[in-house]
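Asks: give me coordinates for this.
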Amino acid sequence: GVNLVGPHRDDLLLSLRGLPARGYASHGESWSLALALRIASAHLLRADSQLGDPIVILDDVFAELDAGRRARLADIVGEFEQVIVTAAVEQDVPAALRVGTVRVEAGTLSGTGPAERDVS
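Replies: Next comes the predicted model:
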């Protein structure tokens, strides 16, 4: 079946400098807007929960951002208790978020944690 009404059918109109983001935002600006909505959701979850922070998962988002946006995002998510980052290129991830690293190469798992212990 098809639902013709409901919140899933709503449009969220975002603007950037007074212009609709859909037609005028650059690729990096579009990514930044999407990430801002996700981070705002995480802040709302944090405020509403007595159990602690939500886990923030960033799936290869740093490759889409310039260096300035990478640094700002790292500062913002660094406030959360747990942040999981995936990246195809490790250098895309700001150093502040590379506390513990797990690598998967050719099906082999290796890496180090905060105490520099081997996880292989």
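
Asks: let me see the contact set for the residue most central in space within the chain.
Replies: Taking Cα atoms, centre = their mean, the centroid of the chain lies closest to residue 58, which sits 3.4 Å from it. For residue 58, the contacting residues are 73, 77, 83, 84, 85, 86, taking Cβ atoms under 8 Å, 6 or more residues apart in numbering as the criterion. In this view, the C-beta of every residue, glycine as well, is placed from N, C-alpha and C.

Asks: let's see that with 7 Å instead.
Replies: 77, 83, 85 (Cβ atoms under 7 Å, 6 or more residues apart in numbering).

Asks: kindly reformat the residues you listed as JSON lines containing secondary structure and neighbour count.
Replies: Putting the contacts of residue 58 into JSON lines (DSSP: H, G, I helix; E, B strand; the rest coil; neighbours: other Cβ atoms under 10 Å) gives the following:
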{"residue": "77", "secondary structure": "helix", "neighbour count": "22"}
{"residue": "83", "secondary structure": "strand", "neighbour count": "17"}
{"residue": "85", "secondary structure": "strand", "neighbour count": "21"}
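
Asks: export those as TSV, with columns for pLDDT and distance to residue 10.
Replies: Below are these laid out as TSV (pLDDT from 0 to 100; distance: Cβ to Cβ, whole Å):
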residue	pLDDT	distance to residue 10
77	94	27
83	93	29
85	94	30
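
Asks: and the residues you listed, which is closest to residue 109?
Replies: Nearest to residue 109 out of the contacts of residue 58 is residue 85 (Cβ to Cβ; 16.4 Å).

Asks: packing partners for the lengthiest helix in the chain?
Replies: Assignment by DSSP state H gives helix 27-48 as the longest helix of the chain. In terms of contacts (3 or more Cβ pairs under 7 Å, 6 or more residues apart in numbering; DSSP states H and E), helix 27-48 is packed against helix 67-77.

Asks: can you check the pLDDT for the residue nearest to residue 71 when sequence neighbours are not counted?
Replies: Nearest non-adjacent residue to residue 71, counting by Cβ to Cβ, 6 or more residues apart in numbering: residue 94, 5.9 Å away. At residue 94, the predicted lDDT confidence score is 93.
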